[in-house]
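Q: The amino acid sequence is not available; the structure is as follows:
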């Protein structure tokens, strides 16, 4: 008994569990405070915090791809490159930049996405695929602007980048919704299961589910069918 009590005391005093519980309390308190704020304040705070998280992730990713930037030599200022080649060169630099470049890009993408999502959710009262795609379009467009990937036809590239981000995030949202929702239960099978339970035949439920039987077939059943 004493060893069991000591085990309980050790588990109760686990510093990792206490730290997780304290962090959870802080997170819940912050969300409760944020929900009471006005829309501009909430959007600004959500954008800033998400941008900071994105910057940290981008800086880490930039350290991993820092060596890759050396593979893209900077052309001399006098080089007469065609616009398409220059645009491709800028795209390669934007996607394989150092820690600062990646921190800026990720901060813009995550901050704008979270800010627009916050505004859309507060205005529309729900978070659906339309709001997700609008937020993704904004983050894609801003990423195109800050990364300098547009080249000479910057407006068209901003729109195409926004549409690309929107389609990708819309697809991911739909897939997530599909897997997160439990499968809809068959109404006929639910009624059959309830009837079997009332008749004391719940042991034969698996036979009904396997045979896809409905209530309309019950009058035709015999002992051979249910057993």
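A: Arrived safely, thanks for sending. Everything numeric here is computed off the predicted structure, so don't read it as measured data.

Q: Where does pLDDT dip in this protein?
A: Applying pLDDT under 70 to the chain picks out residues 1-13, 66-97, 149-152, 181-189, 192, 201-227.

Q: can you give me the helices in it?
A: 2-12, 15-35, 39-64, 83-95, 99-124, 129-147, 154-180, 187-198, 205-211, 223-226 (DSSP state H).

Q: what would those helices look like in CSV with mean neighbour count?
A: C-beta: built from backbone N, CA, C; applies to glycine. CSV is the format used below for these (neighbours: other C-beta atoms under 10 Å):
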stretch, mean neighbour count
helix 2-12, 9
helix 15-35, 10
helix 39-64, 16
helix 83-95, 15
helix 99-124, 20
helix 129-147, 21
helix 154-180, 15
helix 187-198, 14
helix 205-211, 13
helix 223-226, 11
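
Q: From residue 26, how far out is the closest residue to residue 163 other than its chain neighbours?
A: Closest residue in space to residue 163, ignoring its immediate chain neighbours: residue 137 at 6.7 Å, by C-beta to C-beta, 6 or more residues apart in numbering. Using C-beta to C-beta, to the nearest Å, residue 137 is found at 33 Å from residue 26.

Q: ok so, going back, verify the contact between the residue nearest to residue 163 and residue 165 for me.
A: Yes. In this structure, residue 137 is within contact of residue 165 by C-beta atoms under 8 Å, at 6.2 Å.

Q: So for these two, which residues contact both of them?
A: Counting by C-beta atoms under 8 Å, 6 or more residues apart in numbering, residue 137 and residue 165 have no shared contacts at all.

Q: before we move on, back to that, which residues does the residue nearest to residue 163 contact?
A: 162, 163, 165, 166.

Q: Surely the second one is in contact with residue 138?
A: When you say that, I think you mean residue 163. No. Checked against C-beta under 8 Å, the pair residue 163 and residue 138 is beyond contact range at 11.6 Å.

Q: Need the overlap of contacts for those two.
A: Common neighbours of residue 163 and residue 138 (C-beta under 8 Å, 6+ apart) do not exist.

Q: ok, the residue nearest to residue 163 to residue 167 distance?
A: From residue 137 over to residue 167 (counting by C-beta to C-beta), the distance is 9 Å.
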